[in-house]
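In: Sequence and predicted structure, then a few things I'm wondering about:
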Amino acid sequence: MFNRLFSVFLILGLLAAGCGAVNRSVSIPDGTELDDNVTNINGSITIGRDCRINGKIRNVNGQVRISENARVGQVSNTNGSISIASGARTGAIGNTNGRIRLADSVRVEGGVVSTNGPVETGAEVHVDGDIQTANGRIRTGTGSVITGEVETTNGSIELVGTEAAGVSGANGSIELLDGTRIAGDVYVRRPSGSNSSSRLPRVVIGADTVVEGTLQFERDVELYIHETARTGQVIGAEPIRFSGDSP
């Protein structure tokens, strides 16, 4: 009974907050300007090209698509993917149980957080905050800038030609490639309890990559550092030097 009432109040609250629907999709035409939130339950949300939405995009049980060069506020979803097309600008992005995909030249004015799903970016993406996942890989494209930390618990990290403030992981591989620059530390923390994997994480500091801070490892890892890379102090691992494209 309580769960049913909670669901009813959730639906009413979302719909009262702005443009919204239940059990059908919402599509905002190209070039539309709105000062309200756009919300939906049990359906997709599509924001057209060149739209200006001066509110939040919130969805439950469906996909969220933000088209080319659109401008929107915060984007959140539960049980569905989030796709941001090239040149779009958004507020902070959060997703539970779904993928987050940022195409080329997207700008996020806030962090990007996924609970159960990967985060992938194209080239020259700018995130004004952290990228975090609990259970999902993180991959960034050439020329991307992450002003905060890149962090995961049960997922891999692959940064290609990317700038970030720091990198943190526990149970997955970390690859910093093609001139990636980390202003702070690379930190592999000790996993908690049953979350520990028997397979050693593989950490690769690739060609021309720079880590200004410390490489610190609270668990055993396989650490490979390219002969052209530059790093700070290494704590908790014995680096293996390599040349060429990969170890």
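Out: Alright, I've got the coordinates. Numbers count the residues shown, from 1 in each chain.

In: Low-confidence ranges, this protein, go.
Out: For the chain, residues meeting the criterion pLDDT under 70 lie at 1-18, 193-198.

In: cutoff 50 now
Out: 1-17 (pLDDT under 50).

In: hey, what's Ser168 bridged with?
Out: Beta bridges link Ser168 to Glu151, Tyr187, judged by DSSP bridges.

In: Isn't it up against Arg190?
Out: No. The pair Ser168 and Arg190 fails to qualify as a contact (Cβ atoms under 8 Å) at a distance of 12.0 Å. Heads up, the C-betas are built off the backbone N, CA and C, glycines and all.

In: Tell me which of the two has more neighbours.
Out: Taking other Cβ atoms under 10 Å, Ser168 and Arg190 do not tie; Ser168 has more neighbours (20 against 11).

In: so who does that one touch?
Out: Going by Cβ atoms under 8 Å, 6 or more residues apart in numbering, Ser168 touches 149-152, 185-189.

In: Look up the closest residue to Arg190, ignoring the ones flanking it.
Out: Leaving aside its sequence neighbours, Arg190 sits nearest to Glu218 (Cβ to Cβ, 6 or more residues apart in numbering; 3.9 Å).

In: show me the contacts for the one you found.
Out: 187-190, 236.

In: before we move on, the earlier item: now that we have the contacts of Ser168, which one has the most neighbours?
Out: Val150 (28 neighbours).

In: circling back to that earlier point, make CSV from the contacts of Glu218 and add distance to Asp50 to it.
Out: Formatted as CSV, those follow (distance: Cβ to Cβ, whole Å):
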residue, distance to Asp50
Tyr187, 41
Val188, 43
Arg189, 43
Arg190, 48
Gly236, 50
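
In: so how far does stretch 157-168 reach from one end to the other?
Out: 9 Å (Cα to Cα, to the nearest Å).

In: can you give me the helices in the protein?
Out: Using DSSP state H, the helices found in the chain span residues 2-16.

In: Can you tell me how far Val210 is from Thr140?
Out: Applying Cβ to Cβ, to the nearest Å, the value for Val210 to Thr140 is 16 Å.

In: out of the two, which sits in the busier spot?
Out: Legend: neighbour count by other Cβ under 10 Å for Val210 and Thr140, higher for Thr140 (27 against 17).

In: and that one, what does it touch?
Out: By Cβ under 8 Å, 6+ apart, the contact list for Thr140 reads 120-121, 125, 131, 146, 150, 158-160, 162, 164.

In: with those residues in mind, which one is nearest to Arg89?
Out: Distance to Arg89 across these (Cβ to Cβ) is lowest for Val125, with 11.1 Å.

In: okay, now that closest one: neighbour count?
Out: Around Val125 there are 26 residues (other Cβ under 10 Å).

In: ok, it touching Arg101?
Out: No. Val125 is beyond contact range of Arg101, at 10.4 Å (criterion: Cβ under 8 Å).

In: Enumerate the beta-bridge partners assigned to Asn77.
Out: Beta-bridge partners, per DSSP bridges, of Asn77: Asn59, Asn95.

In: tell me the contacts of it?
Out: 58-60, 62-64, 94-96, 98.

In: Make TSV from those residues and add neighbour count and distance to Gln74 to it.
Out: Compiled in TSV, the contacts of Asn77 are given as follows (neighbours: other Cβ atoms under 10 Å; distance: Cβ to Cβ, whole Å):
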residue	neighbour count	distance to Gln74
Arg58	23	8
Asn59	28	12
Val60	20	15
Gly62	20	17
Gln63	18	17
Val64	27	11
Gly94	19	8
Asn95	26	12
Thr96	16	14
Gly98	22	16
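
In: Nearest to Gly48 among those?
Out: Proximity of the contacts of Asn77 to Gly48, judged by Cβ to Cβ, is greatest for Val64, which lies at 13.1 Å.

In: The closest one and Thr78: what is the separation?
Out: Distance of Val64 to Thr78, computed by Cβ to Cβ: 10 Å.

In: Okay then, goodbye and thanks.
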